[in-house]
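Colleague: One predicted model, sequence on top.
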Amino acid sequence: MSQATMDANTHAFKAETRQLLDIVIHSLYSNKEIFLRELISNASDALDRLRFEALTTSDLCDSGEILEIRLEVDPAARTLSISDNGIGMSRDEVVENLGTIAKSGTRDVLRRLEASGQTGESLAQLIGQFGVGFYSAFMVADKVTVVTRRAGEQKATRWESTGGESFEVGEDHRFFRGTTVTLHLKPVDADDGVEDYTDVAMLERIVKRHSDFIPYPIRARRPRVDAAGRKEPGALEEVTLNSMRPVWTRPDSEVKEEEYTELYHHISHDWGEPLDRISLRAEGRVEYQALLFIPAKAPFDLFFREQRVGLQLYVRRVLILDRCEALLPGWLRFLRGVVDASDLELNVSRELLQHDRRILQMRRWLTRKVLDHLHETKRKDEAKYQRFWAEFGRVLKEGVASDGESRDRLVPLLLFPSSRDGGALTDLAGYVSRMKEGQGEIYYLAGDNRGVIESSPHLEAFTEQGYEVLYLLDPVDELMVPSLGEFEGKRLRSAAEGVVELGSEEERKTAREELERKSGEYRDLLASLEGRLEAWVRQVRLSTRLKASPARLVTEEGEMSPHLERLLRHTDAGLELPARKRVLELNPAHEVVTKLQARYAEDRRDPRLDDYAYLLLGYALLAEGSELPDPARFNRLLVDLMSRGL
């Protein structure tokens, strides 16, 4: 027994890692050769990290050292090894990186996977963002061995697993820093998609197809052939399998669509195809080029605070930062891609980048070009833009709320569901073009979902008089509206505000006169209800805006809406918001209100008036999706009312 084996400790895979490992091995890929792309991509990342750390720690590698990836095969032993002389891993890093998937939301995504019943490539698109490509090795291998040595350390670590319930970690020997992943290959099985991966010619075809753009040489030894094309017995020659020409440096006419897709896979760890790409080149005082991708699906962690965002930043084809946050505003964090600058320093620090005027200039230019592209897509390809909006519309709304410099360019890109027939999304320009004659404001209503809004008492008068109302369903909407303010001189106003008046000036005057007359008739009842509900409302009054409903709760201009209040409480359970009383409006034409007026006129001391007042309050709260102050009391009163009625 070797010393390495004696020192090995057995570790169980974490539960969520075990589940994802099963998915990767058994149902993730239909094309098993993808494993090589994933392992080469990991090796390339390790070389990138070494080069970056060496900028500040010069003794990690020699300046003239060639960084490379090597493929070695042993047909007799049926093994394939992928080696790099990159950063390597310490023992703790091995356990953390190869034994757990330390990503926030892992369990949530697993629940979504299980609930959806997805398989195959659709699964790949969803969980590719976890960076679990290493485990794809188990699709073609019965056992995987990793020997790695961290740059700057003397000891090497050995990791080994058969892809079952556990893995072993022990000490090993490695002459130089870096990592070697050895696959003990399964038997060739064409029916199961397992090819002979000890065939160097096959490996070369796979590398050309999936990893040709990798900026480091991918080398292998193959049988040497003579001028007549015959193999020379026992003779081997070393060959470089990839061109190492970065895709973004080549003219578009020279790059195949598959090459763009493979670069996207490498950058994003998303195994689906991108929705769109943007190629950019800038010349002048600051010279750089960029290749950006818009994913087809939003990453699962798009709204997680700890999400790692930013573009890859290269300086003269040397990777400086894997995630440069300073290159894009936060509301463009869904973009993936590379920026290659010509005149930045190779050893610039992350902190200095945040304030470098050239980076700030690049940020403004990239933002402007991305917005230009989105405007063009919206104008020329409505279907594609609708797909984009479904995934990333919420993030653009963040930009309206937070980025004053880009707000005017963002507003025309906004889309909203509305009350118009057909249910199609509309932009603000489309809404304004359909406004009724004399309509001076853009009306909206916020809610948790479309069903709640469409059944809201606030919508009744708008529907009856033919006014279109925008539906704000995203949590960010009500934070965006105050920043937006108006569009083409038309102010945005909530349909839930009590001060909104509809119709022509004459219709409004008639409504005000009728409301004044009715309010005088109901004055005593309104005062009585106001006293009975003083713990929850500051005023009870009549309204001409209610048609089918007996009551509603309204906010006054400038007040926080109940929808926004619920969202804030849900987002931060410890958030303390000041107690707020609103206005309860009653429909004087509704049978419930007229009968309540008759009951009050008959006996002002009737104890059931308290109960009816509370039921009206409860009705108004439930109609807008808010919680009841005393659900038990409401249920008791409702059952009692039903019993008497039956």
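Modeller: It's in.

Colleague: helix or strand for Asp322, which one?
Modeller: Assignment of secondary structure by DSSP states H and E places Asp322 within strand 318-324.

Colleague: And the next helix or strand past the helix or strand hosting Val239?
Modeller: Taking DSSP H and E as the definition, one finds Val239 inside strand 231-240. Using DSSP H and E, the helix or strand that follows strand 231-240 towards the C-terminus is helix 257-268.

Colleague: So for that following helix, what gets flagged as buried?
Modeller: Buried residues in helix 257-268, counted by 16 or more other Cβ atoms under 10 Å: 259-268. Yep, even glycine has a C-beta here, placed from its N, CA and C like the rest.

Colleague: With stretch 200-210 instead?
Modeller: If you call a residue buried by 16+ other Cβ under 10 Å, then stretch 200-210 has these buried ones: 200, 203-204, 206-207, 210.

Colleague: ok, back up a step: mind putting the buried residues of helix 257-268 in a markdown table, distance to Leu410 and pLDDT included?
Modeller: What follows is the buried residues of helix 257-268, written out as a markdown table (distance: Cβ to Cβ, whole Å; pLDDT from 0 to 100):
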| residue | distance to Leu410 | pLDDT |
| --- | --- | --- |
| Glu259 | 32 | 88 |
| Tyr260 | 27 | 91 |
| Thr261 | 29 | 90 |
| Glu262 | 32 | 86 |
| Leu263 | 28 | 88 |
| Tyr264 | 25 | 90 |
| His265 | 29 | 86 |
| His266 | 30 | 83 |
| Ile267 | 25 | 85 |
| Ser268 | 24 | 84 |
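
Colleague: need the contact list for the residue lying closest to Leu203 once chain neighbours are set aside.
Modeller: Excluding its sequence neighbours, the residue lying closest to Leu203 (Cβ to Cβ, 6 or more residues apart in numbering) is Leu71, at 5.7 Å. Residues in contact with Leu71, defined by Cβ atoms under 8 Å, 6 or more residues apart in numbering, are 80-83, 200, 203, 218-220, 241.

Colleague: in the sheet, who's paired with Leu494?
Modeller: Not Leu; residue 494 is Ser. Tyr444 (DSSP bridges).

Colleague: which helices and strands does the lengthiest helix in the chain pack with?
Modeller: Residue-count comparison of every helix in the chain, with assignments taken from DSSP state H, identifies helix 357-380 as the longest. In terms of contacts (3 or more Cβ pairs under 8 Å, 6 or more residues apart in numbering; DSSP states H and E), helix 357-380 is packed against strand 276-282, strand 288-294, strand 336-341, helix 382-402, helix 407-410.

Colleague: Report pLDDT for the residue nearest the centre of the chain.
Modeller: When the chain is reduced to its mean C-alpha position, the nearest residue by Cα atoms, centre = their mean turns out to be Leu302, at 2.5 Å. The score at Leu302 is 77. That number is its pLDDT.

Colleague: Contact partners for it?
Modeller: 333-334, 392, 395.

Colleague: Would you confirm that Arg545 belongs to a strand?
Modeller: No. Residue state for Arg545 (DSSP: H, G, I helix; E, B strand; the rest coil) corresponds to coil; a strand is not indicated.

Colleague: What about it, how many residues nearby?
Modeller: The number of residues packed near Arg545 is 24, by other Cβ atoms under 10 Å.

Colleague: What sits closest to it if chain neighbours are left out?
Modeller: Closest residue to Arg545 in three dimensions, ignoring its sequence neighbours and counting by Cβ to Cβ, 6+ apart: Ala461, at 4.2 Å.

Colleague: confidence score at that neighbour?
Modeller: Turning to Ala461, the model gives it a pLDDT of 88.

Colleague: would you turn the buried residues of helix 257-268 into TSV with distance to Val540?
Modeller: Formatted as TSV, the entries for the buried residues of helix 257-268 read as follows, by distance: Cβ to Cβ, whole Å:
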residue	distance to Val540
Glu259	69
Tyr260	64
Thr261	63
Glu262	66
Leu263	64
Tyr264	60
His265	62
His266	64
Ile267	60
Ser268	56
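
Colleague: now, which of the residues you listed sits nearest Ala43?
Modeller: Proximity of the buried residues of helix 257-268 to Ala43 was ranked by Cβ to Cβ; the top entry is His266 with 11.5 Å.

Colleague: can I assume Val139 is in contact with Leu36?
Modeller: Quick fix: residue 139 reads Met, not Val. No. Applying Cβ atoms under 8 Å as the test, Met139 and Leu36 come out as separate, 10.8 Å apart.

Colleague: and Leu526, helix, strand or coil?
Modeller: Looking at Leu526 with three-state DSSP, the answer is helix.

Colleague: unless I'm mixing things up, it is touching Leu533, no?
Modeller: No. Taking Cβ under 8 Å as the contact criterion, Leu526 and Leu533 are not neighbours in contact, 10.7 Å apart.

Colleague: any shared contact partners between these two?
Modeller: Residues touching both Leu526 and Leu533 (Cβ under 8 Å, 6+ apart) are Val540.

Colleague: hey, where'd the helices end up in the stretch 451-600 of the chain?
Modeller: 460-465, 477-484, 505-521, 523-532, 562-571, 591-602 (DSSP state H, counting those that start in this stretch).

Colleague: Only C-alpha atoms, please: export the shortest one in PDB.
Modeller: By that I understand helix 460-465. Below are the C-alpha coordinates for helix 460-465, written out as PDB (Å, rounded to 0.1, in the frame of the first residue of the first chain):
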ATOM      1  CA  GLU A 460     -63.700  49.300 -12.200                       C
ATOM      2  CA  ALA A 461     -64.200  53.000 -13.300                       C
ATOM      3  CA  PHE A 462     -61.300  52.800 -15.700                       C
ATOM      4  CA  THR A 463     -62.700  49.700 -17.400                       C
ATOM      5  CA  GLU A 464     -66.300  51.200 -17.600                       C
ATOM      6  CA  GLN A 465     -65.000  54.400 -19.200                       C
END
